[in-house]
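Student: quick one: sequence and predicted model below, then my questions.
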Amino acid sequence: GAGVSQSPSNKVTEKGKDVELRCDPISGHTALYWYRQSLGQGLEFLIYFQGNSAPDKSGLPSDRFSAERTGGSVSTLTIQRTQQEDSAVYLCASSLVQQGGYGANVLTFGAGSRLTVL
Amino acid sequence: GESVGLHLPTLSVQEGDNSIINCAYSNSASDYFIWYKQESGKGPQFIIDIRSNMDKRQGQRVTVLLNKTVKHLSLQIAATQPGDSAVYFCAENSAGGTSYGKLTFGQGTILTVHP
């Protein structure tokens, strides 16, 4: 597609439930990222996929959080047993990593999925 | 841990004025800096970037200045327009080319442009 697509745009869930957030990156972009943005805060890195390499999961806040990327394209971020502190906007981004890494930091973000845990 | 932060959380300007948004960083190993603009309900949008071997870079109506001595980054917007109203984030990549888009973001500055 023309941009990064995320779904759902809004999700309200009850504490303890599992949620799945989906990201469709820009076609041809090899790198995919998940960030979290809490109210009035900057973006917090969660996880990063690059090609067939093992993902960088260093930003995931707990083992309740996981993500996968199927076929080098679509990614799903799963939050198990949601807690109120998980409420945030979850942003997905992708980038085209060229040889030497040029352009790798030019992330194109989706509009985000707003998660509210009651 | 090291982080990127902003001096001013809000900035109000009149249309046509120049705007300057500031950012301080603490990681002296940071080698790449980026400014993003985020409008309400949208994801951040890339504005301009600069590498640590440069001290100034210009784009269309925007200029980024980097002062490594005092670890300070600024974004200058010329002839600010109402459409420039948004939250502006600075971000750094301190991990170099092996960590690509693993960015550390500042808290953001809210820019409001009055007609």
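Tutor: Noted; the coordinates are in hand. Numbering: from 1, shown residues only, chains lettered A, B, ... in the order given.
Student: hey, let's count contacts and neighbours off CA atoms from now on
Tutor: Will do.
Student: where do the helices sit along the chain?
Tutor: Answering for chain A, as no chain was given. Applying DSSP state H to chain A gives no helices.
Student: near chain B, which residues of it?
Tutor: Within chain A, the positions adjacent to chain B are A:33, A:40-45, A:48, A:91, A:95, A:100-101, A:104-112 by C-alpha under 8 Å from any C-alpha of the partner chain.
Student: excluding its backbone neighbours, what's nearest A:Ala31?
Tutor: If the residues on either side of it in the chain are set aside, A:Ala31 comes closest to A:Gln50, at 4.4 Å by C-alpha to C-alpha, 6 or more residues apart in numbering or on different chains.
Student: please tell me I have it right and that neighbour contacts A:Thr30.
Tutor: Yes. Using C-alpha atoms under 8 Å, A:Gln50 is in contact with A:Thr30, at 5.9 Å.
Student: now for chain A, the helix or strand with the poorest mean pLDDT.
Tutor: strand A:43-50 (a mean of 92; mean pLDDT, DSSP states H and E).
Student: how far does that strand sit from the chain's center?
Tutor: Chain-centre distance of strand A:43-50: 7 Å, with C-alpha atoms, centre = their mean, to the nearest Å.
Student: by contact count, what packs against that strand?
Tutor: strand A:31-37, strand B:104-105 (3 or more C-alpha pairs under 8 Å, 6 or more residues apart in numbering or on different chains; DSSP states H and E).
Student: out of everything not next to it in sequence, what's closest to the residue nearest the centre of chain A?
Tutor: Nearest to the geometric centre of chain A sits A:Trp34, at 2.6 Å (C-alpha atoms, centre = their mean). Spatial nearest neighbour of A:Trp34, excluding adjacent residues (C-alpha to C-alpha, 6+ apart): A:Cys92 at 4.6 Å.
Student: so what's that neighbour up against?
Tutor: Neighbouring residues of A:Cys92 by C-alpha atoms under 8 Å, 6 or more residues apart in numbering or on different chains: A:4, A:6, A:23, A:25, A:32-35, A:109-110, A:112.
Student: adding mean pLDDT and distance to B:Lys37, write the helices and strands packed on strand A:43-50 out as JSON lines.
Tutor: Compiled in JSON lines, the helices and strands packed on strand A:43-50 are given as follows (pLDDT from 0 to 100; distance: least, C-alpha to C-alpha, whole Å):
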{"stretch": "strand A:31-37", "mean pLDDT": "95", "distance to B:Lys37": "14"}
{"stretch": "strand B:104-105", "mean pLDDT": "90", "distance to B:Lys37": "12"}
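Student: could you export these as JSON lines, including distance to B:Pro9?
Tutor: Shown next, in JSON lines, are the helices and strands packed on strand A:43-50 (distance: least, C-alpha to C-alpha, whole Å):
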{"stretch": "strand A:31-37", "distance to B:Pro9": "16"}
{"stretch": "strand B:104-105", "distance to B:Pro9": "14"}
